[in-house]
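Q: Have a look; sequence and predicted model below, questions after that.
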Amino acid sequence: MAKKEVIQDCPIQHIAFIMDGNGRWAKKRMMPRESGHKFGADAFRKIMRYCGEIGMKAATFYVFSTENWKRPQKEVDSLMSLLEDYLDECAVELKKNDARFIFLGDRSPFSESMRRKMAQIEEDSKHNPYIVNIALNYGGRDELVHATNTLIAEGKTKVTAEDISSALYTKESPDLDMIVRTGGDYRISNFLLWQAAYAELYFTDTLWPDFKTSDVDAIVENFKKRNRRFGGV
């Protein structure tokens with residue numbers, strides 16, 4: 001199929017990835033867990049670009065959860081180093097494609113340098129059409145608390161579903177179509193709880209560093225065969 005046809009026919013407007021399995025991938029190869037995260041970051045870059053190339057409007061990646069701070073300090077430090085390196089790359093990435101980067105979650109625990117880079121990347125890419133949401137220090141329950149407090153601060157005493165949606169971190173993105181979890185587990189781990197209400201779920205045993213663009217193609221084909229009723233009969 002020609003690339004132009006793929007872009008026109010892509011049925012998924014917004015996809016989200018729980019990128020699981022980096023540590024197990026490294027363990028299978030007798031490597032430290034930190035190496036798994038490095039190879040996982042390579043897979044992230046590839047999949048992030050590809051989703052935009054085939055016509056998706058938004059892709060969300062669960063990079064670091066509110067619970068991940070509980071991991072061994074060496075692993076957390078390695079993840080922070082990888083993240084800071086990636087933030088430096090984003091300035092170059094902006095010149096290569098039309099991605100709009102948005103960072104989801106509470107940024108307060110990150111260094112001032114990292115917070116400044118995130119804000120600058122968002123500003124520099126804000127007019128680009130393809131949204132890439134990067135969830136950092138993110139939790140679905142925390143997001144709902146944040147949205148509620150935002151609405152209270154605005155003076156709301158009674159809220160609607162539309163109000164809540166407008167106060168979420170993902171408010172700029174289309175409705176979520178599908179959540180993909182790699183690594184073999186069957187749960188969504190406090191990820192996009194509100195947005196997942198009518199999203200399709202896709203689980204695969206493939207470990208994230210092994211995830212390929214051909215896997216994305218298979219997911220798109222699987223999605224085409226699903227009958228989405230949005231709570232109807």
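A: Right, received. Where do you want to start?

Q: Can you show me the helices along this structure?
A: 3-9, 22-28, 33-53, 73-96, 112-125, 140-153, 161-166, 213-224 (DSSP state H).

Q: Mind checking these for the one nearest to residue 104?
A: helix 140-153 (7.5 Å; Cβ to Cβ). To be clear about C-beta, it is placed using only N, CA and C from the backbone, and glycine gets the same treatment.

Q: Show me the contact partners of that closest one.
A: 66, 104-106, 159, 163-164, 167-169, 188, 190-194, 196 (Cβ atoms under 8 Å, 6 or more residues apart in numbering).

Q: Filter those down to the buried ones and hand me the ChimeraX line.
A: Selecting the buried subset of the contacts of helix 140-153 in ChimeraX, with 16 or more other Cβ atoms under 10 Å as the burial test, is done by:
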select :66,104,105,164,167,168,169,188,190,191,192,194,196
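
Q: Out of the contacts of helix 140-153, which sit inside strands?
A: Here DSSP state E is the test, and these give residue 104 as lying in strands.

Q: measure the spatially most distant residue from the centre of the chain to residue 151 for me?
A: If you look at how far each residue of the chain sits from its centre, by Cα atoms, centre = their mean, the farthest one is residue 157, at 31.4 Å. Counting by Cβ to Cβ, to the nearest Å, the gap from residue 157 to residue 151 is 9 Å.

Q: For the helices of the chain, give me TSV that also has distance to residue 176.
A: Output for the helices of the chain, formatted as TSV (distance: least, Cβ to Cβ, whole Å):
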stretch	distance to residue 176
helix 3-9	20
helix 22-28	23
helix 33-53	13
helix 73-96	23
helix 112-125	20
helix 140-153	12
helix 161-166	11
helix 213-224	12
